[in-house]
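Asker: Sequence plus predicted model, see below.
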Amino acid sequence: MRKFLDTVYTISGVISAGFIALICIVVSAQVTLNLITKIFGSAYSYTIPSYADFAGFFLASASFLALAYTLTRGGHIRVTLVIQTFSPLPRLFSELASLALGAIISAYATYFMARLNMESYEFGDLSFGIIAIPIWVPQLAVSGGLLILTVAFVDLFWTTLGARKPVLEKTGME
């Protein structure tokens with residue numbers, strides 16, 4: 001089970017990186033098209049329809065799919081000013097409490113995002129851009145990212161409880 005979950009977190013991170021690459025490609029292509037127009041005049045004026053919408057959808061997808069990967073690698077900013085002074089048992093309890101709270105909040109967000117996703121699908125909501133995209137498609141990545149984050153919080157809670165010590169390592173970003 002450990003290997004499976006780590007693989008899920010890694011795949012989520014890789015897909016997130018892919019969305020970041022897509023943002024770079026789309027925006028770079030549009031900038032190139034703008035330069036062509038600037039150099040050769042309006043006779044060569046081209047644009048990628050709804051490129052800003054696509055970049056926004058890719059950003060939302062990348063952000064939410066990266067959450068679990070970043071959490072499990074200890075990459076989120078953690079405030080350790082107070083808990084670093086705790087002895088091992090209070091530190092363990094504070095770590096477990098924060099993981100449990102994170103799991104609850106993440107599960108809450110996952111539930112309501114999934115409901116919003118289903119409503120968007122049922123009502124046939126579309127984006128307002130030149131190219132109308134069904135809104136449920138980018139929302140699916142957000143829902144999926146939140147679900148994986150919830151699993152990661154629960155996983156880290158049980159792993160920390162089993163180890164009887166915090167399992168997230170310092171990454172220098174705290």
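Answerer: Okay, I see it.
Asker: all contacts plus neighbour counts: C-alpha atoms, from now on.
Answerer: Fine.
Asker: I'd guessed Asn34 sits against Tyr44; true?
Answerer: No: Asn34 is beyond contact range of Tyr44, at 9.4 Å (criterion: C-alpha atoms under 8 Å).
Asker: neighbour count winner among the two?
Answerer: Asn34 (17 against 13; other C-alpha atoms under 10 Å).
Asker: Following the chain onward from the helix or strand harbouring the more buried one, which element is next?
Answerer: For Asn34, the element it lies in under DSSP states H and E is helix 2-40. Beyond helix 2-40 on the C-terminal side, the first helix or strand identified by DSSP H and E is helix 51-72.
Asker: Measure how that next one sits relative to helix 2-40, angle-wise.
Answerer: 150 degrees (axes from the mean of the first three to the mean of the last three C-alpha atoms, to 10 degrees).
Asker: list the helices and strands the next helix or strand after helix 51-72 packs on?
Answerer: Going down the chain from helix 51-72, the next helix or strand is helix 88-123, by DSSP H and E. The contact analysis (3 or more C-alpha pairs under 8 Å, 6 or more residues apart in numbering; DSSP states H and E) places helix 88-123 against helix 136-163.
Asker: what pLDDT does Leu126 get?
Answerer: Leu126 is assigned a predicted lDDT (pLDDT) of 95.
Asker: okay, now it: neighbour count?
Answerer: Leu126: 15 neighbours (other C-alpha under 10 Å).
Asker: Quick check on the nearest residue to it once chain neighbours are set aside: phi, psi?
Answerer: Leaving aside its chain neighbours, Leu126 sits nearest to Pro134 (4.4 Å; criterion: C-alpha to C-alpha, 6 or more residues apart in numbering). In this entry, Pro134 is assigned phi and psi values of phi -60, psi 120 (degrees, to the nearest 10).
Asker: contacting residues around the spatially most central residue of the chain?
Answerer: The centre of the chain sits closest to Phe64, judged by C-alpha atoms, centre = their mean, with a distance of 1.6 Å. Applying C-alpha atoms under 8 Å, 6 or more residues apart in numbering to Phe64 gives the contacts 16, 141-142, 144-146.
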